[in-house]
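S.K.: Test case, fold it:
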Amino acid sequence: MNHKEFEKLLEERFNKIRSTLANKNKEYASGEDKLHNFKRAGKMLGCTQEKALIGMWTKHIISILDIVDKWEDAGTLPNVEQLEEKIGDSINYLILLEACFKERKFL
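M.R.: Sure thing, here's the model as predicted:
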């Protein structure tokens, strides 16, 4: 991949991140708290919001691993839309994890 192609990929990904986080915020946040679901899940599960977030993020990582395995083991080409979605979800979860740390003054 050349520099120009990579820059295009970055710009497209940044736009998708902004759009997805804005849309999901309407669905999952409570009022002004963008981390509401992770806090609530942490309380429900008896763990921190960070561990709750990582538990939720795990399903996306497993999906990516399954896609890679199918491609490597069986030569099955991944569904591009699904792969892009799962990669985006993983990036978004890392951003949300960073937000959890920053809110709790770890960063």
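
S.K.: which residues in the chain form helices?
M.R.: Using DSSP state H, the helices found in the chain span residues 3-28, 36-45, 49-74, 80-103.

S.K.: export the ones you listed to a markdown table and tack on mean neighbour count and mean pLDDT?
M.R.: The C-beta positions use only the backbone N, C-alpha and C, and glycine is treated the same way. As requested, the helices of the chain are exported to a markdown table (neighbours: other CB atoms under 10 Å; pLDDT from 0 to 100):
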| stretch | mean neighbour count | mean pLDDT |
| --- | --- | --- |
| helix 3-28 | 11 | 91 |
| helix 36-45 | 16 | 96 |
| helix 49-74 | 14 | 94 |
| helix 80-103 | 15 | 95 |
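
S.K.: Farthest from the middle of this structure: give me that residue.
M.R.: Using CA atoms, centre = their mean, the residue of the chain lying farthest from its centre is Ala74. It sits 26.5 Å away.

S.K.: Tell me who's in contact with that residue.
M.R.: If you count contacts by CB atoms under 8 Å, 6 or more residues apart in numbering, Ala74 has none.

S.K.: Can you give me the distance of it to Lys59?
M.R.: Per CB to CB, to the nearest Å, Ala74 is found 22 Å from Lys59.

S.K.: now do Ser90
M.R.: Taking CB to CB, one finds Ser90 at 10 Å from Lys59.

S.K.: now swap in Thr48 and tell me
M.R.: According to CB to CB, Thr48 and Lys59 sit 19 Å apart.

S.K.: What does the pLDDT read for the residue lying closest to Ala99 once chain neighbours are set aside?
M.R.: The spatial neighbour of Ala99 that comes closest, neighbours along the chain excluded (CB to CB, 6 or more residues apart in numbering), is Leu35 at 6.2 Å. Note for Leu35: predicted pLDDT of 94.

S.K.: Phe106 now?
M.R.: For Phe106, pLDDT reads 82.

S.K.: Against Glu50, how distant is it?
M.R.: 9 Å.

S.K.: Now do the contacts for the spatially closest residue to Ser63 that is not a sequence neighbour.
M.R.: In space, and not counting its chain neighbours, Ser63 is closest to Lys86: 4.8 Å by CB to CB, 6+ apart. Counting by CB under 8 Å, 6+ apart, Lys86 touches His60, Ser63, Ile64, Ile67.
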